[in-house]
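A.B. asks: Sequence first, predicted coordinates after that:
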Amino acid sequence: MPDHSSHTDIRRDGLIAHLAEPWQSYALLARLDRPVGSWLLFLPGVFGIFLPAEGASLKIRFFYTALFAIGSVAMRSAGCVVNDIWDRDIDRHVSRTAGRPLASGALTLRQALSLLTCLLLIGLAVLLALPPICWALAPIALLLVALYPAAKRVTWWPQLVMGFTFGFGAPMGYVASHGTFDSRGWALYMGVVMWQLGFDTIYGFQDMEDDARIGVKSTSQRMLTMAKPFICGCYILTLILFGWSASAASLSPYFWIGFAPAALWLLYQGITLEPHDAPACLKDFRQNIPIGILLAIGFIMGRLI
C-alpha cells in the first residue's frame, strides 16, 4: 500500500473537518472538499447559456445558471462516486488516491450506491426544471459519466473522454437557452473539450509513475515527452474555437475583456508547465477555475452589454 500522506489532493480541513463519520467520508466521496470539479462542470454551462443571441430572455438565462450550479455539484459528485466505484481497487495502489473512502474502506459499496442514488435524484429534479429539449440530451450525459472511468483501461485518451464528459454542460446550456444546436454550439463544445483535455492532462501528470506501475493508460503518459507543445496546442485550439463561436454568435466586444486575460493565462500555463512537479501540476490544474470564471465573465458581458 502506498504512503498516501506523501501526495494527496484530499482535503480534510475547513467544514469537512467538523463532520462526524460517516458524513465526512460521504462528503469526501462526493468531492465536496474540492469544489474545483464542480466549477469546471458548471462554467461550460454558463458559456453555453449566454452564447446564443436568440432564445431565452436574460432573466431566464440567469435562472438556468442557478439550476446549472445546483446540477453541476450533484452530477459532478455523482460522477466521482461512479469513478471511485470503478477504480476502488486501482485507487488503493495510487498514492494520491489511496485515502479515498472506498479505497481505504471508510465506506462500503452499498453506502456509495445509496449516495449515488440521492445525487442522481437531485440531478433529475434539476433536469425536469429545464426545457424538454434538454431531456433528450440527458441519456448521452449519463452514458458519458458511466463510460469515462472505463476509458483508462482501453485507451491512452481517457482525458479526452473526460473532456467530452465534463464539457457536456456547454451543449446542454446552449440548447436550454437557444432551443436548438448549431455550428456555434459545436464550436463552443469542441473548444471546451480541448480546454479540458489540456488541464486534465496536466492533472494526470501527478499519477504517471503509479499509472505506469499498475498498467493504467493516460494521455499524460502518452504525451509526456512533448508535454508543453501538446498542452499549448490544446489551449490554442480552445481559444480559436471560443473566439470563432463568440464572433459567429455576435457577442459584443466586451466578451474580449474576459477572454484576453484568460487566453494569456492559459498560454503562460502551457509554456511554464513542469510535468514532473506534481504539486505544481495540481496548482496549474486548480488555476483553471479563475481562468474559467474570466471566460464566463466574457460570455456574460458579451451578451449583456
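C.D. replies: Yep, it's here.
A.B. asks: Only C-alpha atoms from now on, for both contacts and neighbour counts.
C.D. replies: Noted.
A.B. asks: how about low-confidence regions in the stretch 1-150 of the chain?
C.D. replies: Along the stretch 1-150 of the chain, the parts satisfying pLDDT under 70 run over 1-10, 12-13.
A.B. asks: What segments of it are helices?
C.D. replies: Assigned by DSSP state H, counting those that start in this stretch, the stretch 1-150 of the chain shows helices spanning 23-29, 36-50, 58-91, 101-104, 109-128, 132-135, 138-154.
A.B. asks: got the ones you listed as a markdown table, with mean neighbour count and distance to Ser245 columns?
C.D. replies: Output for those, formatted as a markdown table (neighbours: other Cα atoms under 10 Å; distance: least, Cα to Cα, whole Å):
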| stretch | mean neighbour count | distance to Ser245 |
| --- | --- | --- |
| helix 23-29 | 20 | 36 |
| helix 36-50 | 26 | 10 |
| helix 58-91 | 20 | 18 |
| helix 101-104 | 21 | 41 |
| helix 109-128 | 16 | 26 |
| helix 132-135 | 16 | 21 |
| helix 138-154 | 17 | 22 |
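A.B. asks: Is it possible to get JSON lines of the ones you listed that adds distance to Thr201?
C.D. replies: Converted to JSON lines, these look like this (distance: least, Cα to Cα, whole Å):
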{"stretch": "helix 23-29", "distance to Thr201": "22"}
{"stretch": "helix 36-50", "distance to Thr201": "14"}
{"stretch": "helix 58-91", "distance to Thr201": "17"}
{"stretch": "helix 101-104", "distance to Thr201": "23"}
{"stretch": "helix 109-128", "distance to Thr201": "26"}
{"stretch": "helix 132-135", "distance to Thr201": "29"}
{"stretch": "helix 138-154", "distance to Thr201": "12"}
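A.B. asks: so which of those helices gets nearest Tyr254?
C.D. replies: helix 36-50 (13.0 Å; Cα to Cα).
A.B. asks: what packs against that closest one?
C.D. replies: Other helices and strands packing on helix 36-50, by 3 or more Cα pairs under 8 Å, 6 or more residues apart in numbering; DSSP states H and E, are helix 58-91, helix 169-178, helix 183-204, helix 288-304.
A.B. asks: Which among the helices of the stretch 1-150 of the chain is found nearest to Gln269?
C.D. replies: Nearest of these to Gln269, taken as Cα to Cα: helix 36-50 at 16.8 Å.
A.B. asks: what's the angle from the closest one to helix 169-178?
C.D. replies: Here the directions of helix 36-50 and helix 169-178 differ by 30 degrees (axes from the mean of the first three to the mean of the last three Cα atoms, to 10 degrees).
A.B. asks: quick one: contacts of helix 36-50?
C.D. replies: 61, 64-65, 68-69, 72-73, 76-77, 166-178, 185, 188, 192, 286, 288-289, 292-293, 295-296, 299-300, 303 (Cα atoms under 8 Å, 6 or more residues apart in numbering).
A.B. asks: hmm, 6 Å instead?
C.D. replies: Identification of contacts with helix 36-50 by Cα atoms under 6 Å, 6 or more residues apart in numbering yields 69, 72-73, 76, 166, 169-170, 173-174, 177, 296, 299-300.
A.B. asks: now stretch 141-159
C.D. replies: Residues outside stretch 141-159 that contact it (Cα under 6 Å, 6+ apart): Gly79, Asn83, Thr165, Leu197, Asp200, Val216, Lys217, Ser218, Thr219.
A.B. asks: again, but for stretch 298-305
C.D. replies: Phe47, Phe50, Leu251, Ser252, Tyr254, Phe255, Gly258, Phe259.
A.B. asks: just to revisit the earlier point, tell me the one of the contacts of helix 36-50 nearest Cys281?
C.D. replies: Out of these, the member with the shortest distance to Cys281 (by Cα to Cα) is Phe166, at 19.2 Å.
A.B. asks: Without its sequence neighbours, what residue ends up closest to the closest one?
C.D. replies: Distances taken as Cα to Cα, 6 or more residues apart in numbering put Leu41 closest to Phe166, at 5.3 Å, once the chain neighbours are dropped.
A.B. asks: From Ala74, how far off is that neighbour?
C.D. replies: According to Cα to Cα, to the nearest Å, Leu41 stands 10 Å off from Ala74.
A.B. asks: Which among the helices of the stretch 1-150 of the chain is found nearest to Tyr235?
C.D. replies: If you check each of the helices of the stretch 1-150 of the chain against Tyr235 by Cα to Cα, helix 36-50 wins as the nearest, at 15.0 Å.
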